[in-house]
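Enquirer: Just to be clear, the model below is a prediction. Sequence and coordinates:
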Amino acid sequence: MRQNISSGSPWEEIIGYSRAVKIGNVVEISGTTASADAGIVGKNDLYAQTKFILEKVNGVLAQAGATMQHVVRTRMFLTDISQWEQAAKAHGEFFKAIKPVTTMVEVSNLIDADMLVEIEVTAIIA
């Protein structure tokens with residue numbers, strides 16, 4: 001059974017995607033940024049953006065009946081890899097004991113110049 005989870009963003013209809021999709025016990029969360037109704041959270045602060053994103057991810061997991069404990073993979077796309085330690089610090093605050101596999105790579109740009117990081121997550125509910 002497939003469950004599409006929406007954030008309510010108008011982009012979901014325009015682009016044709018879901019914030020997350022749950023099939024069986026697997027939850028895949030789309031690339032998530034530090035965007036909020038009021039704009040980008042943590043402008044010029046990679047740590048703050050990463051932390052905000054992971055808090056958003058936690059909320060999406062809850063909608064899918066999962067928790068951070070179920071996360072098996074994260075993928076982090078940074079616009080400036082030289083600042084990786086800031087993203088790693090925030091990631092560690094959420095996942096130090098869980099230790100999912102992760103990827104951290106540099107990308108040339110994200111959809112908004114104020115976005116410093118985008119994160120994808122896979123969780124398996126056991």
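Expert: Cool, the structure landed.

Enquirer: which residues sit against the helix or strand bottoming out on mean pLDDT in the chain?
Expert: Across the helices and strands of the chain, mean confidence by mean pLDDT, DSSP states H and E is lowest for helix 10-11: a mean of 86. For helix 10-11, the external contacting residues (Cβ atoms under 8 Å, 6 or more residues apart in numbering) are Tyr17. Glycine gets a C-beta too; all of them are placed from N, C-alpha and C.

Enquirer: immediately after it, which helix or strand?
Expert: strand 20-23 (DSSP states H and E).

Enquirer: and that next one, what's its mean pLDDT?
Expert: In this model, strand 20-23 carries a mean pLDDT of 98.

Enquirer: got the CA coordinates for it in PDB?
Expert: In PDB, the C-alpha atoms belonging to strand 20-23 read as follows (Å, rounded to 0.1, in the frame of the first residue of the first chain):
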ATOM      1  CA  ALA A  20       7.400  11.700   1.400                       C
ATOM      2  CA  VAL A  21       6.200   8.300   0.100                       C
ATOM      3  CA  LYS A  22       5.600   5.300   2.400                       C
ATOM      4  CA  ILE A  23       5.300   1.900   0.800                       C
END
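
Enquirer: And that strand, how far out from the chain middle?
Expert: 14 Å (Cα atoms, centre = their mean, to the nearest Å).

Enquirer: and the helix or strand immediately after that strand in the chain, how far from the chain's centre?
Expert: Sequence-wise, the next helix or strand downstream of strand 20-23 (DSSP H and E) is strand 26-32. Distance of strand 26-32 from the chain centroid (Cα atoms, centre = their mean) equals 7 Å.

Enquirer: Give the buried residues for strand 26-32.
Expert: 27-32 (16 or more other Cβ atoms under 10 Å).

Enquirer: And stretch 38-50, by the same measure?
Expert: 40-42, 46-50.

Enquirer: Check which helices and strands the lengthiest helix in the chain is in contact with.
Expert: Ranked by residue count and defined by DSSP state H, the top helix of the chain is helix 46-63. Judged by 3 or more Cβ pairs under 8 Å, 6 or more residues apart in numbering; DSSP states H and E, helix 46-63 is in contact with strand 26-32, strand 71-78, helix 84-95, strand 117-124.
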